[in-house]
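*Asks:* Just a sequence and a predicted model for now, questions to come.
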Amino acid sequence: MPGATLVTGASGFAGSHLLDLLAAEGTDLVAWHRPGTHPPIGSPATTWQAVDLLDAPSVRRAIESVRPGVVYHCAGAAHVGRSWGATEATFAVNVRGTHPLLEALRAAGLEVRVMIPGSAMVYRPMAEALTEDHPLVPPSPYGLSKLAQELLGVRASTDRIAVTIGRAFNHVGPRQDPAFAASGFAKQIAEIEAGRHEPEVVVGNLDARRDTLDVRDTVRAYRSILTRGQAGRPYNVSSGKAVAIAELLEMLVALARVPVRVRVDPDRFRPNDVPLLLGDSSRIRRELGWAPTIPLSQTLDDLLAYWRASSEASPAGLLPSQRHQRLDA
């Protein structure tokens, strides 16, 4: 499969949507998932492989076999709140899981373009729209791991390996882990509608404001950054608008088919929660011509529809692919 497109973390949230996008364009795909998990059924043009990114010899053998021309490195620990209690695991996946991949590409002597989905959490929190030139002072273990991952990518860039970077702000949509706010709200509402729970949505901090995109717009940005972006130059992937978590909840509650009430649970608050996360996406719009196209109302409607279908399809309230989802972009 020389010259194929490789997607790591392909059974995760962003990775699975990226697969959908690339498969629809007729791309020959190799999709990596963690050993011990079952990949979802995908396009006939997709070849699934179980690869442990922390096992350097296995990564090296897999790269020698595939010899990709393009790599989207979507595998990673993605939850900011969890990183406080799982710092070692977060760094293992995001940093030590990236190093063997980049080293394997170098050792194979490949000419390849690599996309690393970074994070807005690399920036120092500020009460203004963040540009790519704002100070890099991560406020969480997760953000620090993503900055270290970026730096690995920049260091690995050579004349033959071009590593591109997209700093994604919040992205939402179908298949997202319910540990994330909007997806968790939608899942609770779907289960209330199905009669599985009392009509009460339990929530955490509703005051935080987040720049929120549809995941399908996010992965379009990843493709634009990989194909046309400058190696080592970061691009913010953001809408330029901040939405309060309370507003997301209100929009989802308005879509509910039954009355629901809301209860704030202080135990769901994250340590050092950033009050505002807003991105300036002028660079990617100006240089690469990308812009989001999916309105937030459609995103939330599709998210709730996903959880309704999931609730009907599985007694546990999870689709088979969701049960195995632990890593994404």
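*Replies:* Right, received. Where do you want to start? Just so it is clear, the structure is predicted and the values come from calculations on it, not from any experiment.
*Asks:* Show me where the protein has its strands.
*Replies:* Remark: strands assigned in the chain by DSSP state E are 5-8, 29-33, 46-50, 70-73, 112-119, 161-168, 170-172, 200-203, 209-214, 234-237, 242-244, 261-264, 276-277.
*Asks:* Quickly run through the sheet partners of the shortest one, with directions.
*Replies:* Okay, so that is strand 276-277. Looking at strand 276-277 with DSSP bridges, its paired strands and their directions are strand 209-214 (parallel).
*Asks:* and if you look at the second one?
*Replies:* The strands that strand 29-33 pairs with in its sheet are strand 5-8 (parallel), strand 46-50 (parallel) (by DSSP bridges).
*Asks:* and the last one, how far out from the chain's middle?
*Replies:* Yep, that's strand 46-50 we're talking about. The chain centre lies 19 Å from the centre of strand 46-50; the measure is CA atoms, centre = their mean, to the nearest Å.
*Asks:* what does stretch 173-180 give?
*Replies:* Taking CA atoms, centre = their mean, one finds stretch 173-180 lying 10 Å from the centre of the chain it belongs to.
*Asks:* pLDDT wise, what is the closest residue in space to residue 27 that isn't next to it in sequence at?
*Replies:* In space, residue 27 comes closest to residue 5 once its chain neighbours are excluded; the distance is 5.1 Å by CB to CB, 6 or more residues apart in numbering. From N, CA and C alone the C-beta is placed, and that goes for glycine too. In the predicted model, residue 5 carries a pLDDT score of 97.
*Asks:* From residue 127, how far off is residue 5?
*Replies:* Counting by CB to CB, to the nearest Å, the gap from residue 5 to residue 127 is 40 Å.
*Asks:* quick one: which of these two has more around it?
*Replies:* residue 5 (26 against 7; other CB atoms under 10 Å).
*Asks:* residue contacts, that one?
*Replies:* Residues in contact with residue 5 (CB atoms under 8 Å, 6 or more residues apart in numbering) are 22, 27, 28, 29, 30, 68, 69, 70, 71, 72.
*Asks:* least confident pick among the residues you listed?
*Replies:* When the contacts of residue 5 are compared by pLDDT, residue 27 scores lowest at 85.
*Asks:* For burial, what's the neighbour tally of it?
*Replies:* Neighbouring residues of residue 27 were enumerated by other CB under 10 Å; the total is 17.
*Asks:* next one: residue 66
*Replies:* Residue 66 sits with 23 neighbouring residues when counted by other CB under 10 Å.
*Asks:* Looks like residue 11 contacts residue 37 (just checking).
*Replies:* Yes - Residue 11 sits in contact with residue 37 when judged by CB atoms under 8 Å, with a separation of 6.6 Å.
*Asks:* Looking at the two, which is more packed in?
*Replies:* When residue 11 is set against residue 37 and neighbours are counted by other CB under 10 Å, the residue ahead is residue 11, at 28 against 15.
*Asks:* what about the protein, any weak spots by pLDDT?
*Replies:* For the chain, the stretches with pLDDT under 70 are 1-2, 41-43, 270-272, 314-329.
*Asks:* May I see the buried residues of stretch 285-299?
*Replies:* Buried residues in stretch 285-299, counted by 16 or more other CB atoms under 10 Å: 285, 288, 290, 292, 294, 296, 299.
*Asks:* What is the neighbour count of the nearest residue to the second one once chain neighbours are set aside?
*Replies:* Nearest residue to residue 288 in three dimensions, chain neighbours excluded: residue 224, at 4.6 Å (CB to CB, 6+ apart). Using other CB under 10 Å as the criterion, residue 224 is surrounded by 20 other residues.
*Asks:* Residue 224 and residue 232: what is the separation?
*Replies:* Distance check for residue 224 against residue 232: by CB to CB, it reads 16 Å.
*Asks:* Please apply the same query to residue 114.
*Replies:* In this view, residue 114 and residue 232 are 11 Å apart by CB to CB.
*Asks:* quick one: which of the two has more around it?
*Replies:* Set side by side, residue 114 and residue 232 show more neighbours around residue 114, with 25 against 15, by other CB under 10 Å.
*Asks:* For that one, list each beta-bridge partner.
*Replies:* residue 71, residue 163.
*Asks:* Give me the distance from stretch 29-42 to the chain's centre.
*Replies:* In this view, stretch 29-42 has its centroid 16 Å away from the chain centroid, taken as CA atoms, centre = their mean.
*Asks:* Please apply the same query to stretch 54-73.
*Replies:* Mean C-alpha position of stretch 54-73 versus that of the full chain (CA atoms, centre = their mean) differs by 21 Å.
*Asks:* What of stretch 223-240?
*Replies:* If you compare the mean C-alpha spot of stretch 223-240 with that of the full chain, they lie 15 Å apart, counting by CA atoms, centre = their mean.
*Asks:* Can you give me the buried ones in that stretch?
*Replies:* So for stretch 223-240, counting by 16+ other CB under 10 Å, buried means 223-226, 229, 231, 234-240.
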